[in-house]
Each structure stands twice: as structure tokens, then as C-alpha cells.
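Enquirer: What follows is a predicted structure for the sequence shown.
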Amino acid sequence: MAEIAAPTLAPKLTIIEITTLLIAVVVAIGAARIAQPFMVPVVAGILLSYALRPLVSMLERVKVPRVAAAALVMSVLVGALSAIGYAIRDDVSAAVAELPGAARKLRLSLNGSGAQPGPMTHVKEAAKELDRAAAEASGGKPAPAAPPDRVITQVQTFVEAQYAKVMTVFTEIVFCALLAFFLLASGDTFRRKVAKLAGDSLARRRVTVEVLNDIDSQVQRYLMTLLAANIMIALATWGALAFLGLPNAGMWGAITGVLHVIPYAGAAVATFGIGVAMFLHSGSVASASIAMAVVAVIATLIGIGYLSWLQGKASRMNAVAVFIGVLFFGWLWGGWGLLLGMPILAVLKSISDRVESMRPVSELLGA
């Protein structure tokens, strides 16, 4: 009678193998963080080319040359973004111009000196002016001007720092757009090279092509869910600000929805701008704080919570893994990581679904 073979378990990893794997993961994370200025435009450019590929292929089917189709699609994209920036430029400039006045009102409010000055205050100011006039009449040096408000100086420093970050992001976006254009213009050349690198086996190449096609659909789903979430944020912000009594609530809602996709600044800039607008309108720090808190809660609940759940359903991934993964990439690459984290997770899921050795990753990310 034949003996029934007992089921065997997969061999366990040794301590040395586990230690080596952990060291490799830590080194990879450190390298990705150090190489952020290079990695971010490359990853963003590749993902953007996948998202725009269907439009270029559609133009190519109607006899438009591939290079011309890629140039046309990229031109329309850049033109649309430029039109949005042009439409809101006056409102943004007005908000920035009001920052010094808002800072002065904030200082007076915090110091409790917002009340009308008394007679002694006017006497002191008049004495200072008389001393300055006497010094100028006698040929001496005039009294030094009052130092600028410390709050105003801090606001100006903050704006300058954010401007430098915006210029850095703009440079990265330019490189991203150029890489996407070259990938789109090259057609299937890059895909064929990737399939060729997979090996000589027909099965390996077929799996590689399936992964690339799945990445196409995953990136497109991500962009659609991101667009839906931004529209929801714009509408929710509009309604909340209208309820709080802020003028031009619709404009601020649209600005918040647009800025939510901008790395590094994004929702933080929109929240700060709305706080300034509410403070200038009401003159109350409490009202400005409430408006900023409401906008921050909307951006957090929809932009992080609901968007992660929605993208998880679209990408067949569980919401917990998506949320943790997006937070990890946000820690790794900042605002860019929050923007690219979900597509990277979707790409990782597509690869792990078809690679036997990565089945545990697929199971961890799967819905």
C-alpha cells in the first residue's frame, strides 16, 4: 500500500537571508530618497506618457504622424494648464498683495491693540514727528524709521521660500513633460525594448505586455478618480465657504480644487490663502481659523481618505494598503510622493499579480 506523502511547507528564510533582505530594503529606500530630484521627474514622465498614450494612438489612427500627435496632445495639456493659471492669476495676485495688510491686522489683533489710540498715543507720535523735522531742518541725520513689523517680515520670508519651492516644482514639471513627449513620440519602441529585456521566452514576453497594458489602464483609472476627487473638493469648499459668508466662495473653491494636485504647495497654500481672505473680510482671527480648519478637514477627508478608498476600488486594492502606501511615498518624496504614490502602488500590484515570487505583495495589496 502506497504511503501518502505529507504536505510540505515552503522553506523558511534563514536569519541571514532576512537580515540581507531588510538591509536591501533600507538601502533602496535611502537611495530613492537621495535620488528624489532625478527619480521624481522620470517616474512622473513615464506615468504621464501612459496616461496620454490613448489620445496619441487615437490621433495616429486618423493618419496623424506619431510625433505630431504627441506634440499636439502635449500642447493641448500645457495650454489647458496655462489657461487655468491665467484665469486665476488676478485673484492670486490680489491675495498676495493683501498679505502685508493681513499680517499687520493679525499683529494688532494678537497684541490686543486693535482699539482706537488714545490722546497720549497721538501726543507721542506728534513728538516723534517734531523731533524728526527738527533733525532734518538742522542738517542732522533724521531719526531712523520704525523697523518693519516682525510679522510682515516673517510673511515675506515665507512667501519667498514658497516661491523658491514653486520654481523647483516648475523645473521638475518641465523635465517630466519633456520625457513624456519623447516617450509618446517613440511609440511602442520603449515597450518593445522592455518586452525584449524580459527574456527570449514567449511566455515571459506575453506576461510583460500584459503588465504594461494593465499599467495603462491603472494609470488612466487613477487620473479619473483624482479628477473626481478634486471636483468634489472644489464643490465642498465652495459650499462651506459660502455658508461661512466668505465673498467669492466659488472662486476659492475652484482654486482649492486646482491647487490640490500641485505638489509641495497644494492644499496648504489654498488653506492659507482662504484664511487670509477670511481674516481680511471679517477681521477676526477666530473666523479665519474656522475657515482654514474647515478647508483642511475637507482636503483631508476627501483628498486622502475618500480618494484612497476610491482609488483602491478602481485599482482592486484594499483601502488600508493604499492609505499606508500613499503616506509612505509622501514621507519619501513629499508632495510628489502623495501624487505619485497611488500610481506606483498600482504598477506594483500589476507586476506582483503576474510574478510568482511576488505573490505575497499581491496578496497584501489586493482587495
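Expert: Looks like it arrived, so ask away.

Enquirer: Every contact and neighbour count from this point should use C-alpha atoms.
Expert: Will do.

Enquirer: Compute the distance from the centre of stretch 176-193 to the centre of its chain.
Expert: Centroid separation for stretch 176-193 versus its chain: 24 Å, with Cα atoms, centre = their mean, to the nearest Å.

Enquirer: for stretch 195-204, that is, sorry about that
Expert: 36 Å.

Enquirer: what's it in contact with?
Expert: Residues from elsewhere that reach stretch 195-204, judged by Cα atoms under 8 Å, 6 or more residues apart in numbering: 205-206, 208-209.

Enquirer: Next step: those residues restricted to strands.
Expert: Among the contacts of stretch 195-204, no member falls in strands (DSSP state E).

Enquirer: Not counting sequence-adjacent ones, nearest residue to Gly341?
Expert: Val326 (4.8 Å; Cα to Cα, 6 or more residues apart in numbering).

Enquirer: So which bits of the helix or strand that neighbour falls within are buried?
Expert: Using DSSP states H and E, Val326 sits in helix 319-333. Going by neighbour count (16 or more other Cα atoms under 10 Å), the buried part of helix 319-333 is 319-323, 325-327, 329-330, 332-333.

Enquirer: which helix in this structure runs the most residues?
Expert: helix 202-244 (DSSP state H).

Enquirer: What mean pLDDT does stretch 191-202 get?
Expert: Throughout stretch 191-202, pLDDT has a mean value of 70.

Enquirer: tell me how far the ends of it are from each other?
Expert: Across its full length, stretch 191-202 reaches 15 Å between end residues, using Cα to Cα, to the nearest Å.

Enquirer: ok now that stretch, how far from the chain's centre?
Expert: Computed by Cα atoms, centre = their mean, the chain-centroid distance of stretch 191-202 equals 34 Å.

Enquirer: ranges for the strands of the chain?
Expert: Read by DSSP E, the chain holds no strands at all.

Enquirer: pull the helix or strand with minimum mean pLDDT from it.
Expert: helix 119-137 (a mean of 57; mean pLDDT, DSSP states H and E).

Enquirer: on that earlier part again, got the contact list for the residue nearest to Gly341?
Expert: Neighbouring residues of Val326 by Cα under 8 Å, 6+ apart: 337-338, 341-342.

Enquirer: May I ask which of these has the most neighbours?
Expert: Highest neighbour count within those: Met342, with 25 neighbours (other Cα atoms under 10 Å).

Enquirer: any low-confidence regions in the stretch 51-200 of the chain?
Expert: Counting by pLDDT under 70, the stretch 51-200 of the chain contains low-confidence residues at 88-164, 198-200.
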